[in-house]
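Novice: Let's see this in three dimensions:
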Amino acid sequence: MLRRTKIIATLGPATDDPKVLDALIQAGVDVVRVNFSHGQAEDHLERAQTVRNRARAHGRQVGVLADLQGPKIRIECFRDADRVELEEGAHFVLDATLPADAGTRERVGITYKQLPEDVHRGDTLLLDDGQIVLWVEDVSGSEIVCRVVVGGVLSNSKGINRQGGGLSARALTDKDRSDIRSAAAMQADYLAVSFPRSAADIFEARDLLREAGGHGGIIAKIERAEAIENIEEIVDAADAVMIARGDLGVEIGDAELPAVQKRIIQIARHHDRVVITATQMMQSMVDSPLPTRAEVFDVANAVIDGTDAVMLSAETAAGRYPAKAVEAMDRICKGAERQRTAMAVERRTHLQFNRIDEAIAKAAMYTANHLGVKAIAALTESGATPLWMSRISSGIPIYALTRHVETRRKVTLYRGVYPVSFDVTTTDHPRVNKEAIDELMRRGAVRDGDLVIITKGDLAGVHGGTNAMKIIRVGEHELPARGD
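Specialist: Numbering: from 1, shown residues only. This is a model prediction of the structure:
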């Protein structure tokens, strides 16, 4: 059984062992994530190249996602230890002018110096993903005077969120701008923008990536409360969205998160955008060889809701069982995809088409879902046609046949789409049809008697040129004799 939902694995120290990396690829990882929040740009460039080399050796295509750090708003460090214990009811000060290594049990510095301008008396600040809760009593100059509502151990460099959002930090920092150039240098297939507030942040990131020579798609990471308010415009501006449930859950509250996740998946699919579900999906597998039942349900529900991809973070970057985490996720995705709700036909008969290739893609899916078609071969230059096809729920595999390696890497993130190296430089349509069917037969995707849909354009090598759909029964696709 082919898995339709794609798996993203984060690279890190645990995957630097070539044997571990090979095991990840063999386990079925589709896209790797390089996290610019940690490590050096040179390390990320080397890891991306190593992945592509090893994937090629295994006859696989693996995409690369470069994830920007964004405006991480954190406390600084403590002077005499790497942590302090805050007691409930005690006062604690966040001081924008305190030196970075001068923190005490009473106060600590902060990385975001404008924070005192963004908060007011009565605000709730959440530290360390909500493990520590502070209520703002007063803001005086550079000092935010808080009362500890929920105490505990607070260690160096933990993150700060304002409940309900509202922090004014820009999405792209100077470090991000430098990292965008590194992402372009590694020819990243996707660039993830952290903490965007509006479509303008997405447009800016795309412009910077293009100026640096990069051609990857832009992923909007939804992790701010403001992003939920502007979700339609952000989704429309991006090529894909990531539901980054860590910071998002802290800002909007964990009780709101499940419904928001389902809504974002629906909106992304409606806008013909790719959607990724991420953060702590199998967190226990950092130290355990098996996921918890709750994690199994979490992954399966995201699959049934229609997510394109599920992502592993620390589980593969720093965990003890990287390959087992991918294997477990593969197993759970396949199990969820067997359910009827995950394969339900989405008709979308009310939509109007703006492009001919879009109309062909949707018509092909409608036909395939009602004719018992075994596979779809989409001859594509840019990957647009298989993307549109993948927005229609179906259990029918979609093969993206393309001569462009960039397109093959791009479609590794599309649900139910599989990249195939296929060089079309002729307008001899019977020959193209035969070669496409032969390729599917070679892969074991179809056999004699099966119905296959082929979509392609009259002119080879033209972006957006798909204007034809042909239905072929395997075994009846031989070339006509010369002179016929």
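Novice: What distance do you get for the closest residue to residue 394 other than its chain neighbours to residue 466?
Specialist: Spatial nearest neighbour of residue 394, excluding adjacent residues (C-beta to C-beta, 6 or more residues apart in numbering): residue 369 at 5.5 Å. All C-beta atoms are positioned from the backbone trio N, CA, C, and that covers glycine. Distance, residue 369 to residue 466, by C-beta to C-beta, to the nearest Å: 19 Å.
Novice: Residue 53 now?
Specialist: Counting by C-beta to C-beta, the gap from residue 53 to residue 466 is 32 Å.
Novice: In terms of neighbours, single out the busier of those two.
Specialist: Neighbour totals were compared for residue 53 and residue 466, and residue 466 leads with 28 against 10 (other C-beta atoms under 10 Å).
Novice: For the more buried one, report the pLDDT, please.
Specialist: We have a pLDDT of 88 for residue 466.
Novice: residues contacting it?
Specialist: Residue 466 makes contact with 356, 357, 360, 361, 378, 379, 380, 384, 385, 455, 456, 457, according to C-beta atoms under 8 Å, 6 or more residues apart in numbering.
Novice: Which element is encountered next along the chain beyond the helix or strand of the chain with the lowest mean pLDDT?
Specialist: For the chain, the helix or strand with the lowest mean confidence is helix 340-343, at a mean of 64 (criterion: mean pLDDT, DSSP states H and E). Per DSSP states H and E, the first helix or strand lying C-terminal to helix 340-343 is helix 356-371.
Novice: what about the strands in the stretch 351-484 of the chain?
Specialist: Listed in chain order, the strands of the stretch 351-484 of the chain (DSSP state E, counting those that start in this stretch) span 375-379, 398-402, 417-421, 451-457, 466-473.
Novice: Please could you give me each C-alpha atom of the longest one, formatted as CSV?
Specialist: Which is strand 466-473. Provided in CSV are the C-alpha atoms of strand 466-473 (Å, rounded to 0.1, in the frame of the first residue of the first chain):
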residue,chain,number,x,y,z
THR,A,466,-1.9,21.1,-19.6
ASN,A,467,-5.0,21.1,-21.8
ALA,A,468,-5.8,17.4,-22.4
MET,A,469,-7.0,14.3,-20.6
LYS,A,470,-6.9,10.9,-22.1
ILE,A,471,-8.2,7.6,-20.7
ILE,A,472,-6.3,4.5,-21.6
ARG,A,473,-6.8,0.8,-20.8
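Novice: Direction included, what does it pair against?
Specialist: Within its sheet, strand 466-473 is paired with strand 451-457 (antiparallel), according to DSSP bridges.
Novice: contact partners of the strand it pairs with?
Specialist: Counting by C-beta under 8 Å, 6+ apart, 357, 360-361, 364, 367-368, 371-379, 385, 424, 429, 432-433, 436-437, 440, 446, 465-474 sit against strand 451-457.
Novice: ok, of these, which come out buried?
Specialist: 357, 360-361, 364, 368, 373-379, 385, 424, 432-433, 436-437, 440, 446, 465-467, 469-470, 472, 474 (16 or more other C-beta atoms under 10 Å).
Novice: In terms of pLDDT, where does the residue nearest to residue 394 sit?
Specialist: Residue 369 is assigned a pLDDT of 92 by the prediction.
Novice: any idea which residue sits dead centre in the chain?
Specialist: For the chain, the residue sitting closest to the mean C-alpha position, by C-alpha atoms, centre = their mean, is residue 276 at 4.0 Å.
Novice: Give the pairing partners of whatever helix or strand that residue lives in; include direction for each.
Specialist: Here residue 276 sits within strand 274-278, counting by DSSP H and E. Counting by DSSP bridges, the strands paired with strand 274-278 are strand 240-244 (parallel), strand 309-312 (parallel).
Novice: Dump the C-alpha coordinates for the shortest one into CSV.
Specialist: The C-alpha coordinates for strand 309-312 follow below in CSV (Å, rounded to 0.1, in the frame of the first residue of the first chain):
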residue,chain,number,x,y,z
ALA,A,309,2.1,16.0,5.8
VAL,A,310,2.9,15.2,9.4
MET,A,311,6.2,16.4,10.9
LEU,A,312,8.8,15.0,13.3
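Novice: what's the offset of it from the middle of its chain?
Specialist: 7 Å (C-alpha atoms, centre = their mean, to the nearest Å).
Novice: now swap in the longest one and tell me
Specialist: With C-alpha atoms, centre = their mean as the basis, strand 240-244 stands 6 Å off its chain's centre.
Novice: average pLDDT across it?
Specialist: Here the average pLDDT along strand 240-244 is 97.
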